[in-house]
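A.B. asks: starting from these lines, generate the structure:
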Amino acid sequence: MPKPSTVGAVIHTGLRALRDRHALRGASRRLTAADLARIAVVAALIAALSLPGAIHVFGSPVPITLQTFGVMLAGLLLGPVRGALAVVVYLAMGAVGLPVFAGGAAGLGTFAGPTGGYLVGFPLGAFVIGLIAHGVRRFDRSLAFTACVVGGILVVYAVGVPWLAWRAGLSFEEALITGGTLFLFGDLVKAFLATVVAAGVHRAYPRLSESRQRAAGAVS
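C.D. replies: Here you go, the predicted model:
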């Protein structure tokens, strides 16, 4: 297991990179210290959700994990830009060698494997979730659940399934079954749970509504 100081150093390095104006080009405003802290916390949360391990069903190369649940929470809690950046920080942690991917995997080689497309799709999924869910000024459970289905399931599958077919030598239909259909019910449950958790967090931490209001104003 990596030492806490190592994890902290990686997160610190990633967040310093996020400060760079070129990395933040396209962001609606400059990230504050509070934004960076939230990004770090959610990135660590996604990493922690990967620790329980991975379960393979029916011989599928795609494991059952809680990563998607963390990605959904990132978009619901932080919005499009910050949610996507939190996922990028998480991916950076795994890319530099910390065992935070499914089954304790780590390194750039994971991205080249059959499940690499799902990892690539995570930031995009978080962005879409945040874009939809934070497009209104108040947290809406129905909209949040829809956002999780669109961003956390459809968008991630749209990248992950073709990648799986390519890297595993499967037909698209085979990849869709082994890398999509088998996990659809579980992912719908994760979408529901993420919505419930996010609703509770927004209710207990009203300051998150400030970024929601800014996002809604930008959308309008």
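A.B. asks: quick one: residue 39 and residue 90 touch, right?
C.D. replies: No: counting by Cβ atoms under 8 Å, residue 90 is not a contact partner of residue 39; they are 9.7 Å apart. The C-beta positions use only the backbone N, C-alpha and C, and glycine is treated the same way.
A.B. asks: higher neighbour count, these two?
C.D. replies: Neighbour tally, residue 39 and residue 90, criterion other Cβ atoms under 10 Å: the higher count belongs to residue 90, 32 against 27.
A.B. asks: what helix or strand does that one sit in?
C.D. replies: With secondary structure defined by DSSP states H and E, residue 90 is part of helix 67-95.
A.B. asks: avg pLDDT for that helix?
C.D. replies: The predicted model assigns helix 67-95 a mean pLDDT of 96.
A.B. asks: find the nearest non-adjacent residue to residue 70, please.
C.D. replies: If you skip the residues right next to it in sequence, residue 70 has residue 46 as its closest partner in space, 3.4 Å away by Cβ to Cβ, 6 or more residues apart in numbering.
A.B. asks: only the buried residues of the host helix or strand of the one you found, if you could.
C.D. replies: Secondary structure assignment for residue 46, by DSSP H and E: helix 33-49. For helix 33-49, a neighbour-count test (16 or more other Cβ atoms under 10 Å) marks 35-36, 38-40, 42-47, 49 as buried.
A.B. asks: with stretch 155-166 instead?
C.D. replies: Of the residues in stretch 155-166, those buried under the neighbour-count criterion (16+ other Cβ under 10 Å) are 155-157, 159-161, 163-165.
A.B. asks: which one of the residues you listed is nearest residue 86?
C.D. replies: residue 156 (15.4 Å; Cβ to Cβ).
A.B. asks: please tell me how far the residue nearest to residue 175 when sequence neighbours are not counted sits from residue 178.
C.D. replies: Excluding its sequence neighbours, the residue lying closest to residue 175 (Cβ to Cβ, 6+ apart) is residue 165, at 3.7 Å. As for residue 165, its distance to residue 178 is 9 Å (criterion: Cβ to Cβ, to the nearest Å).
A.B. asks: ditto for residue 161
C.D. replies: Residue 161 sits 9 Å away from residue 178 when distances are taken as Cβ to Cβ.
A.B. asks: let me know the average pLDDT across stretch 108-121.
C.D. replies: For stretch 108-121, mean pLDDT rounds to 93.
A.B. asks: residue 181: neighbour count?
C.D. replies: Residue 181: 12 surrounding residues under other Cβ under 10 Å.
A.B. asks: contact partners for the most centrally placed residue in the chain?
C.D. replies: Closest to where the C-alpha atoms of the chain average out (Cα atoms, centre = their mean) is residue 71, at 2.4 Å. When the contact criterion is Cβ atoms under 8 Å, 6 or more residues apart in numbering, the partners of residue 71 are 46, 87, 122, 125-126, 129, 152, 156.
A.B. asks: keep only those of the residues you listed that are in helices.
C.D. replies: Residues of the contacts of residue 71 located in helices (DSSP state H): 46, 87, 122, 125-126, 129, 156.
A.B. asks: helix or strand with the lowest mean pLDDT in this structure?
C.D. replies: Within the chain, confidence by mean pLDDT, DSSP states H and E is lowest for helix 4-19 among all helices and strands, at a mean of 47.
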